[in-house]
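1. Fold the stuff below for me.
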Amino acid sequence: MFNGLKTRYYLKDSALFNFWRLFSWMAKEQEGEDDFFFLNNLSTHFDQSICDVFFNLKGLMDGSKIKFTAIYFNKKSFHEKGGLESNYIWEIEKAKDQKFLNSINNIFKNKIGIEDLDQLYYAFLFCDYKFDFNLILESMNFSISQKHVPEIRKFLETYLEKFIRDELLVSTSNFYKFEKQKELFANLLKGYVDFGHRFLMEHDPNEKIGYFLFIHTLLAFEQLGYLEIDDLYCIHWGDPYNMDGKSYKAKVCLTKESLKLLELNGKDIEKREDEGATLNNNILFFQKKEFNFKDSPNQCDLLNTLFKDINKEWYYDEIQEDWDPVNFEESLKENNYWRKFYGSADEINKKIAIETGKKEFLIKNTKKIRINPKYL
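-> Alright, predicted model coming up:
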């Protein structure tokens, strides 16, 4: 466990993501108000349990002398997830662990103190209980005072400065020299510049790129002034938990410093932003604006199909086959199957016209549809 601001060791990328999400939630989302957050909202969702997030968060708080201002156990949520108090209490009574029994009773009665969390933490690390700690923690809401935002910012800045200066340790050797990380990240950025200065980049940790620390280097690039982070998430705030969250997603804006680093011409990028439409991770970038269709699945799917071949006139049966290659022939027997494409195109055109003044982004008739060539 690291010691707050004094840590000299590399954190996992996932732990640094947890801390950035906490800082972001406190500094931006709540606009100065103390409010509850869920550990789910801090998690990477692909290589962490909620207990891992709690473990990391407690390490940050213990090292930085930060305390929870309130803890609330949502019993309704606990029951909806299949939790039964009796199963937990029976297991603890069987082990004759009176301290933990008192703490778990306090949790279920919503009379939670810091000492109860300490007991939960200890039991998670050292006791061989068969029940699900994650289920308890997933049903808890936590609050931290806004006055601690500067302390969390200081921790992040200090830690990233050590990363940039190669002052962190891994075992007896250091695999993560910043210059190498910088090179890997710069190459990743170059794959996105066709989308302009502002884009949504994605990194799947399962795609091994040497010893690549994506979160570390992303945050370091912002600290060095190479880019600005508009958002960083696996699953966006408020999105359903079952949505795709198997990779890191970062909405970033490049600065002049990054263009120098990447040896790119800013005017060429501005020209591409002015003239061309691009689709990146389900977000349409057009006329220096972005259009997110994630809440409109048909519109989103239609754009994904059309951008597979931007110069193609897509007949509706081809779109149907792209959407449902197994059952598309059966779908074609429905006389009005094509109307979902036609209607989705209308809605896309309306959204774009309202924001940009550009009409007929998609050109269509009752047989086919395509992206307007003058917007490519």
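
2. Assign a three-state SS to Glu228, would you?
-> Judged by DSSP: H, G, I helix; E, B strand; the rest coil, the three-state class of Glu228 is strand.

3. Compute the number of surrounding residues for the closest residue to it other than its chain neighbours.
-> The shortest distance from Glu228 to any non-neighbouring residue, by CB to CB, 6 or more residues apart in numbering, is to Cys253 (4.6 Å). Backbone N, C-alpha and C define where each C-beta goes, glycine included. By other CB atoms under 10 Å, 14 other residues sit near Cys253.

4. cool, Asn304 as well?
-> Here the number of neighbours of Asn304 (other CB under 10 Å) works out to 14.

5. when you give positions from now on, start the count at 241
-> That works, and once the first residue is 241, the last one we named lands at Asn544.

6. just checking, it touches Ile523?
-> No: applying CB atoms under 8 Å, one finds Asn544 not in contact with Ile523, separated by 11.1 Å.

7. mind checking how far the residue nearest to Glu468 is from Phe439?
-> 8 Å (CB to CB, to the nearest Å).

8. can you check Gln386 too?
-> 31 Å.

9. Would you mind telling me which of those two has more residues around it?
-> Neighbour totals were compared for Gln386 and Phe439, and Phe439 leads with 23 against 16 (other CB under 10 Å).

10. Quick one: residues contacting the more buried one.
-> Listed by CB atoms under 8 Å, 6 or more residues apart in numbering, the contact partners of Phe439 are Tyr432, Lys491, Val492, Asn520, Phe525.

11. The fourth one contacts Leu440, correct?
-> Yes: proximity of Asn520 to Leu440 meets the contact threshold set by CB under 8 Å, at 5.4 Å.

12. Now do the helices in the stretch 441-590 of the chain.
-> Ranges of helices in the stretch 441-590 of the chain, per DSSP state H, counting those that start in this stretch, are 454-463, 496-502, 506-515, 537-546, 556-563, 568-571, 579-596.

13. Find the nearest non-adjacent residue to the most centrally placed residue in the chain, please.
-> Among the residues of the chain, the one closest to the centroid is Tyr473, at 1.4 Å (CA atoms, centre = their mean). Distance criterion CB to CB, 6+ apart; nearest residue to Tyr473, sequence neighbours excluded, is Lys489 at 5.6 Å.

14. May I have the residues that are in contact with that neighbour?
-> By CB under 8 Å, 6+ apart, the residues touching Lys489 are Leu440, Met441, Glu442, Asp471, Leu472, Tyr473, Cys474, Asn521.

15. Mind checking which of those residues land in strands?
-> Among the contacts of Lys489, the members found in strands (DSSP state E) are Leu440, Met441, Glu442, Asp471, Leu472, Tyr473.

16. do you know how far Gln463 is from Lys268?
-> According to CB to CB, Gln463 and Lys268 sit 17 Å apart.

17. Between those two, tell me which one has more neighbours.
-> Ranked by neighbour count (other CB under 10 Å), Gln463 and Lys268 place Gln463 first, with 14 against 10.

18. and the closest residue to the more buried one other than its chain neighbours, how many residues sit next to it?
-> Residue nearest to Gln463 in three dimensions, not counting chain neighbours: Leu400, with 5.0 Å by CB to CB, 6+ apart. Taking other CB under 10 Å as the criterion, the count of residues near Leu400 is 20.

19. Do a quick rundown of the helices in the stretch 291-440 of the chain.
-> Using DSSP H, counting those that start in this stretch, helices in the stretch 291-440 of the chain cover 315-320, 325-335, 338-348, 354-366, 373-378, 389-404, 418-430.

20. out of these, which comes closest to Asp535?
-> Closest approach to Asp535 among those (CB to CB): helix 315-320, 24.0 Å.
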